[in-house]
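*Asks:* Sequence first, predicted coordinates after that:
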Amino acid sequence: MCLCDKCSKLVAFFVLALGVLFLLQDLNVWNFWGISWYSAILILAGLTGFCSSCCPECQVATKKKK
């Protein structure tokens, strides 16, 4: 899976947001969910795959890589 600059920034934003949410949960500041960290990682992996498969720039980069 090869990501373009736009998609890699979007995925980095998702990782940062997820990290902040888990940090707030660990600090007992904001406890609004009950999912575990590995479920969140699987959701993040799905979002990354979705970003990569829908982006025309990522498709071109993948074809050039092969």
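*Replies:* Yep, that arrived. Numbers count the residues shown, from 1 in each chain.
*Asks:* Every contact and neighbour count from this point should use C-alpha atoms.
*Replies:* Noted.
*Asks:* Tell me which stretches of this structure form strands.
*Replies:* Using DSSP state E, no strands are assigned anywhere in the chain.
*Asks:* Show me the shaky parts of it.
*Replies:* 1-2, 32, 61-66 (pLDDT under 70).
*Asks:* which helix is the longest one in it?
*Replies:* helix 5-26 (DSSP state H).
*Asks:* Restricting to C-alpha, output that one in PDB.
*Replies:* Extracted in PDB, the C-alpha atoms of helix 5-26 (Å, rounded to 0.1, in the frame of the first residue of the first chain):
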ATOM      1  CA  ASP A   5       1.300  13.000   0.400                       C
ATOM      2  CA  LYS A   6      -2.300  14.000   0.900                       C
ATOM      3  CA  CYS A   7      -3.400  10.600   2.100                       C
ATOM      4  CA  SER A   8      -0.400  10.200   4.400                       C
ATOM      5  CA  LYS A   9      -1.200  13.500   6.000                       C
ATOM      6  CA  LEU A  10      -4.800  12.400   6.500                       C
ATOM      7  CA  VAL A  11      -3.700   9.100   8.100                       C
ATOM      8  CA  ALA A  12      -1.200  11.000  10.300                       C
ATOM      9  CA  PHE A  13      -4.100  13.200  11.500                       C
ATOM     10  CA  PHE A  14      -6.200  10.100  12.300                       C
ATOM     11  CA  VAL A  15      -3.300   8.600  14.200                       C
ATOM     12  CA  LEU A  16      -2.800  11.800  16.200                       C
ATOM     13  CA  ALA A  17      -6.500  12.200  16.900                       C
ATOM     14  CA  LEU A  18      -6.700   8.600  18.100                       C
ATOM     15  CA  GLY A  19      -3.600   9.000  20.300                       C
ATOM     16  CA  VAL A  20      -5.100  12.100  21.900                       C
ATOM     17  CA  LEU A  21      -8.400  10.300  22.500                       C
ATOM     18  CA  PHE A  22      -6.700   7.400  24.200                       C
ATOM     19  CA  LEU A  23      -4.500   9.700  26.200                       C
ATOM     20  CA  LEU A  24      -7.600  11.600  27.500                       C
ATOM     21  CA  GLN A  25      -9.200   8.200  28.300                       C
ATOM     22  CA  ASP A  26      -6.000   7.100  30.200                       C
END
